[in-house]
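A structural model of the following input is requested.
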Amino acid sequence: MRGDARPGPDSDFDARLSLGDFVVGQSDDPLTPPAGFTEWREAGAWEAELYEPNMLASADARTQIEYDGKVHPVINLCSYNYLGLANHPEIVAAAIEALRKYGVGACGSPTLSGMTDLHRKLERAVAQFLGREDAILFNSGFGGALGTISGLLRKADVAIMDDRSHLSLRDGAVLSRCRIDRFEHNDPESLDEALRRRHGKRRLVIVEGIYSMDGDFASLDQLLTVSEEHGATVMIDEAHSMLACGENGRGAAEQFNAESRIPLIYGTFSKAFGALGGFIAGPQETMDYLRLYAHSYVYSCALPPAVVAAILKGLEIATSEPELRERLWENASYFRAQMNALGIDTGASTTYIMPLIVGDRSRMYRLGHELRRRGLWVAPVDYPAVPEDRICFRACVTANHTRADLDEALNILDDTLVPHLLQKA
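Below you'll find the model as predicted:
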């Protein structure tokens, strides 16, 4: 809904309900949503306006979106464009050159229809960059995680993952039909208990470099030590840490000197690379196996060549310009310190991803509209993505944000979110 048709915050929307209340339907027709969903969705149109906004410009530090039916300039704290590569002129030029040579799409599965020489070059570049024997490219980050885990694990195997693991990792384990066990977030004792319960089984421990809702690192050294004691294999998802962490940008594993202890590295091209897709890197024989058993690779179209060219140029720039990472971390440290000084709870975040914890659904949506009106674009994160008492906004700082951008964002937060926090206290 737009303009005068918007119901506003005083509609019949029941803030006590969430997506978790509409998972299972009772109708005989599987196309009919669960009872009450359509009414709840319509009543929550004002709240839903904060999601899926129309972007009218690039994913830069400042951009334009459509809000209330109008072009609306905003400071962008919603983007994963951590190093600013999505809009880099050299990367755009590389994509245009590849577009002219190869056309728009790859037009087929790599297994049957092949790939361009650019795809092969990127496979080799990713493997070399990470010090692995080989790498596989996926046309989707979600699909890459799904295909890797479902391609490797079988019914008798066990996936043991952090209880805050991304849905793509969990869905991959479900699709494999393996046994699934979870351990408390970043808790080595809980991991130890899970591994003991599954003694004698083939076990894959799955962790993330940075957890995208909390903005905290995995406790790699402790979790790896426990895994090694039990002889379990470890896979790390570096989606939010690749290129942005470590001296050379190789992710959290490099940052915590753990690369040699982790045989399987997963990552995406849609965050710091500023593009699209995902990859898995590891031993040659593992990659050879996955090329036949990772269904999201075998049965999906290869990445568009123009995207591959952009990723290659992005990798070149990110590895030759470490100042991009330095600026990202300087911005993150400054912004978090200033928010904490204002009394804003950023949880366990130690990175450029920061939750701004509100803890109340109705207030979060009211504040979300106020922030949007004031020109600050932060992501509203509702239950069940986070616990109900941790409902929050998520802010992502990038290397392209200037100090003026961040200070203006802080002023807006000081005028809107901080008074709410004081009232709550």
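
show me where pLDDT drops low in this structure?
Counting by pLDDT under 70, the low-confidence segments of the chain come to 1-12, 422, 424-425.

mind splitting it into its structural domains?
49-78+323-424, 88-320 (automatic domain parsing).

most packed of these?
Mean neighbours per residue, mean count of other CB atoms under 10 Å, is largest over the domains of the chain for domain 88-320, with a mean of 20. C-beta coordinates here come from the backbone N, C-alpha and C atoms, glycine included.

and that one, how far apart are its ends?
End-to-end distance of domain 88-320 (CA to CA, to the nearest Å): 14 Å.

go on, stretch 151-169?
Start-to-end span of stretch 151-169 (CA to CA) is 12 Å.

tell me the gap between it and the middle of its chain.
For stretch 151-169, the separation from the chain centroid amounts to 17 Å (computed by CA atoms, centre = their mean, to the nearest Å).

what's the answer for stretch 295-302, then?
Counting by CA atoms, centre = their mean, stretch 295-302 is centred 21 Å from the centre of its parent chain.

ok, and what's touching it?
105-111, 113, 115, 119, 136-140, 143-144, 146-147, 150-151, 290-292 (CB atoms under 8 Å, 6 or more residues apart in numbering).

apply 7 Å and report the result again.
105-111, 115, 119, 136, 138-140, 143-144, 146-147, 150-151, 290-292 (CB atoms under 7 Å, 6 or more residues apart in numbering).

ok, now stretch 376-396?
With contact meaning CB under 7 Å, 6+ apart, stretch 376-396 is reached by 18-20, 50, 65, 74-80, 213, 352-361, 364-365, 368, 371, 409, 412.

rerun that using 6 Å as the cut-off
Contacts of stretch 376-396 with the rest of the structure, by CB atoms under 6 Å, 6 or more residues apart in numbering, involve 18, 20, 50, 74-78, 213, 353-359, 361, 364, 368, 409, 412.

inside strands: which ones of these?
Those of those mapping onto strands are 74-76, 353-357, per DSSP state E.

which of the three states applies to the closest residue to residue 219 other than its chain neighbours?
In space, and not counting its chain neighbours, residue 219 is closest to residue 186: 4.4 Å by CB to CB, 6 or more residues apart in numbering. Under the three-state scheme (DSSP: H, G, I helix; E, B strand; the rest coil), residue 186 adopts coil.

for residue 186, give its distance to residue 306.
In this view, residue 186 and residue 306 are 39 Å apart by CB to CB, to the nearest Å.

I'd like the ones in strands among the contacts of stretch 376-396 written out as a markdown table, with distance to residue 126 added.
Converted to a markdown table, the ones in strands among the contacts of stretch 376-396 look like this (distance: CB to CB, whole Å):
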| residue | distance to residue 126 |
| --- | --- |
| 74 | 33 |
| 75 | 33 |
| 76 | 28 |
| 353 | 23 |
| 354 | 29 |
| 355 | 30 |
| 356 | 34 |
| 357 | 36 |
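
which one among the residues you listed gets closest to residue 61?
residue 76 (5.8 Å; CB to CB).

test my guess that that closest one contacts residue 63.
Yes: at 4.8 Å, residue 76 counts as touching residue 63 under the criterion of CB atoms under 6 Å.
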